[in-house]
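A.B. asks: give me the fold of what follows.
(chains A, B, C and D)
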Number of protein chains: 2
Amino acid sequence: MKRVTDSASGDLTMTQNEVLTPAMVPDVVVLRLPMYIRALTQLLESRSMVVSSHDLGTLLQMTPAQIRKDLSYFGRFGKQGKGYDVKFLRDELQQILGLDQNWPACLIGVGRLGEAIINYPGFVPEGFNVVAAFDSDASQIGRKLGGIEVISMDALTKTINEYNISIGIVAVPSVQAQPVIDELVLAGVRGILNYAPIAPVVPPDTVIRNIDPVLSLQSMTFYLMKKGVNPLIPG
Amino acid sequence: MKRVTDSASGDLTMTQNEVLTPAMVPDVVVLRLPMYIRALTQLLESRSMVVSSHDLGTLLQMTPAQIRKDLSYFGRFGKQGKGYDVKFLRDELQQILGLDQNWPACLIGVGRLGEAIINYPGFVPEGFNVVAAFDSDASQIGRKLGGIEVISMDALTKTINEYNISIGIVAVPSVQAQPVIDELVLAGVRGILNYAPIAPVVPPDTVIRNIDPVLSLQSMTFYLMKKGVNPLIPG
DNA sequence: CACTGTCTGTGACACGCTTCACAAACTTAC
DNA sequence: GTAAGTTTGTGAAGCGTGTCACAGACAGTG
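C.D. replies: This is a model prediction of the structure:
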């Protein structure tokens, strides 16, 4: 992956790296990019202009080598002897992930969980906007929630096309989750954030991410037991 | 995915495998065990008595070889020519993870998110009970929530010892998350489920799991863009 | 009982990711 | 300007995990 190091640019600011992403980027690397962005944003807020892979590593509990290797998949963002320009690197990574744009999303299921999701203030500043909310329960239709109105599942495809929605957030009970996911895929949604405790089946060109606290807890207990931590024996 | 199920005898009962766990089990394998348990429970509900690694694989979108290899780290649970006794295997895996016991947990932060967590009906059937809820906001103290009373952070250590709590669920704003986690660790909690969008620092003998929907979405967009899915350009 | 078909458990191999180590590039100090 | 110190980018080695392939065990059939 040779890239032109344009010389004589005395500043850390680099020329536009075209991000062509040769599709050879490991998935794990892509999963880590958002963490880098978050750390860089944090550094930016504390007025840091430049950061080394070493310092980023201590901040994120990773080895400097891994950070450098990860970034090298996308370009040459740093400068020897100095490090990375914080703002520049963050902007580059955001562009690589498409986070410099606004992603409209829809929510399916406005129960207790769905309500918490739609009111969660953490999505909007990152460029994710829930612009529509659906529910199969007729008594929920028409209810206002976080500034938007709950509408019927019948209007799913129409609404998704209208708002150009490419991300669906699934917050329905387990039994309805797979059917809802199928509907979303059929309607053209290619990214799904699933909160239901199931192992969903999606076509290969669809990206799915599962949020499953119970799974996290259930693998945690294995290590707790090994460490001699004892739970409460029932009885 | 259909399994032959009923055999005449049902004499698949196996000898007691001592589970000594030689600490050589890869972490990824432990992370998958809960998924196996969930699938087995599902099979049990649909009256399946026996399942092969092949059928489990199609159910979970995994290769049969991986399932067999994973299980082989803990013992020999299957029978050649037949498969695995569903109930037996599930019970064994639950015991390995310590899920045959009851794990008391505490919640820190009873905002919108904390409220949704404490009312989430999915924890209790899996053996996780939120037995105490804390908040630093004085106006929240004393409020009843999901059957339990919100108490002050001052009572953290005392309460954790009293109820023998080994798991802490952190649902506080980002800036307070690390301090709260430090407090939990100091109080003796060795397992932490963190909902705050940060990269927490914990001692090596502490198990931490992060629930971070924003990170999931931010890596999703990379693939959506590659597939030519276009978000809404702001403007 | 023998013979055919099925499925597990596992050593060996293959692959992908992490870590290492170093040349090259840049900074700082004098 | 020179020398010493710092940090990146990256081939190559190392390591952990997934996959393969097959011997062995069991079921089913007649």
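A.B. asks: name the helix or strand for A:Leu193, please.
C.D. replies: For A:Leu193, the host element (DSSP states H and E) is strand A:191-194.
A.B. asks: buried sites along whichever strand or helix holds A:Pro179?
C.D. replies: Element membership for A:Pro179 (DSSP H and E) is helix A:174-186. For helix A:174-186, a neighbour-count test (16 or more other CB atoms under 10 Å in any protein chain shown) marks A:176-178, A:180-181, A:183-185 as buried. Just so you know, the C-beta spots here come from the backbone N, C-alpha and C atoms, and that holds for glycine as well.
A.B. asks: same check on stretch A:76-96?
C.D. replies: Applying 16+ other CB under 10 Å to stretch A:76-96 flags A:77-78, A:83-90, A:92-96 as buried.
A.B. asks: report whether it contacts chain B.
C.D. replies: Yes: remark: stretch A:76-96 sits within contact range of chain B at A:Ile96, by CB under 8 Å from any CB of the partner chain.
A.B. asks: roughly how far does the closest residue to A:Leu97 other than its chain neighbours sit from A:Gln94?
C.D. replies: In space, and not counting its chain neighbours, A:Leu97 is closest to B:Phe222: 4.9 Å by CB to CB, 6 or more residues apart in numbering or on different chains. Counting by CB to CB, to the nearest Å, the separation of B:Phe222 from A:Gln94 is 11 Å.
A.B. asks: how's chain A carved up into domains?
C.D. replies: The record's domain parsing of chain A by automatic domain parsing lists A:27-97, A:103-216.
A.B. asks: tally of neighbours for the nearest residue to A:Gly146 once chain neighbours are set aside?
C.D. replies: In this structure, A:Gly146 finds its nearest non-sequential neighbour in A:Ile118, 4.2 Å apart by CB to CB, 6+ apart. As a burial measure, A:Ile118 scores 19 neighbours (other CB atoms under 10 Å in any protein chain shown).
A.B. asks: who are the packing partners of the helix or strand where A:Ile118 lies?
C.D. replies: A:Ile118 is part of helix A:112-119, with elements assigned from DSSP H and E. Under the contact criterion of 3 or more CB pairs under 8 Å, 6 or more residues apart in numbering or on different chains; DSSP states H and E, helix A:112-119 touches strand A:103-108, strand A:128-135, helix B:112-119.
A.B. asks: can you list those in CSV and add distance to DNA strand D and mean pLDDT?
C.D. replies: What follows is the helices and strands packed on helix A:112-119, written out as CSV (distance: least, CB to the nearest atom of the strand, whole Å; pLDDT from 0 to 100):
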stretch, distance to DNA strand D, mean pLDDT
strand A:103-108, 28, 98
strand A:128-135, 29, 98
helix B:112-119, 29, 95
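A.B. asks: contact partners for the nearest residue to A:Asn129 once chain neighbours are set aside?
C.D. replies: Using CB to CB, 6+ apart and skipping the chain neighbours, the partner closest in space to A:Asn129 is A:Pro104 (5.4 Å). Residues near A:Pro104 by CB atoms under 8 Å, 6 or more residues apart in numbering or on different chains: A:129, A:131, A:163-167, B:231-232.
A.B. asks: among those, name the ones in helices.
C.D. replies: Counted as lying in helices by DSSP state H, out of the contacts of A:Pro104, are A:Tyr163.
A.B. asks: relative to helix B:174-186, how tilted is the helix ranked longest in chain A?
C.D. replies: Ranked by residue count under DSSP H, the longest helix found in chain A is helix A:27-45. Relative orientation of helix A:27-45 and helix B:174-186, computed by axes from the mean of the first three to the mean of the last three CA atoms, to 10 degrees: 110 degrees.
A.B. asks: for B:Asn102, see how far away the residue nearest the centre of chain A is.
C.D. replies: Among the residues of chain A, A:Pro34 comes closest to the average C-alpha position under CA atoms, centre = their mean, at 7.0 Å. Note on A:Pro34: its distance to B:Asn102, by CB to CB, is 36 Å.
A.B. asks: next, count neighbours for the residue nearest to A:Asp70 when sequence neighbours are not counted.
C.D. replies: Distances taken as CB to CB, 6+ apart put A:Val29 closest to A:Asp70, at 4.9 Å, once the chain neighbours are dropped. For A:Val29, the count of nearby residues is 17 (other CB under 10 Å).
A.B. asks: report pLDDT for A:Val29.
C.D. replies: You'll see A:Val29 listed with a pLDDT of 98.
A.B. asks: any idea which element A:Ala65 lies in?
C.D. replies: Per DSSP H and E: helix A:64-72 holds A:Ala65.
A.B. asks: now that helix and helix A:27-45, what's the angle there?
C.D. replies: Using the same axes, to 10 degrees: helix A:64-72 against helix A:27-45 is 100 degrees.
A.B. asks: show me what helix A:64-72 is packed against.
C.D. replies: Here helix A:64-72 touches helix A:27-45, helix A:53-60, going by 3+ CB pairs under 8 Å, 6+ apart.
A.B. asks: identify the residue spatially nearest to A:Ser48, adjacent ones excluded.
C.D. replies: A:Val86 (5.5 Å).
A.B. asks: residue contacts, that neighbour?
C.D. replies: With contact set as CB under 8 Å, 6+ apart, A:Val86 has these partners: A:40, A:43-44, A:48-51.
A.B. asks: quickly list what A:Ile108 is bridged to.
C.D. replies: A:Phe134, A:Val170 (DSSP bridges).
A.B. asks: surely it and A:Pro173 touch.
C.D. replies: No: using CB atoms under 8 Å, A:Ile108 makes no contact with A:Pro173, being 11.2 Å away.
A.B. asks: neighbour count for the two, which is higher?
C.D. replies: A:Ile108 (27 against 14).
A.B. asks: quick one on the thing from earlier: just want the angle from the helix holding A:Ile118 to strand A:128-135.
C.D. replies: Using the same axes, to 10 degrees: helix A:112-119 against strand A:128-135 is 150 degrees.
A.B. asks: remind me which residues of chain A are low pLDDT?
C.D. replies: A:1-23, A:230, A:232-235 (pLDDT under 70).
A.B. asks: show me which residues of it are close to DNA strand C?
C.D. replies: A:5, A:7, A:10, A:26-29, A:62-63, A:65-66, A:68-70, A:79-82 (CB under 7 Å from any atom of the strand).
A.B. asks: separation between the residue nearest to A:Gln218 when sequence neighbours are not counted and DNA strand D?
C.D. replies: Take A:Gln218 and drop its neighbours on the chain: the residue closest to it by CB to CB, 6+ apart is B:Pro34, 3.7 Å away. Applying CB to the nearest atom of the strand, to the nearest Å, the value for B:Pro34 to DNA strand D is 15 Å.
A.B. asks: taking chain A, what residue is nearest to DNA strand C?
C.D. replies: The minimum distance from chain A to DNA strand C, using CB to the nearest atom of the strand, falls at A:Gly81 (2.3 Å).
A.B. asks: can you pull the contacts of A:Tyr163?
C.D. replies: A:Tyr163 touches A:104, A:106, A:131-132, B:232, counting by CB under 8 Å, 6+ apart.
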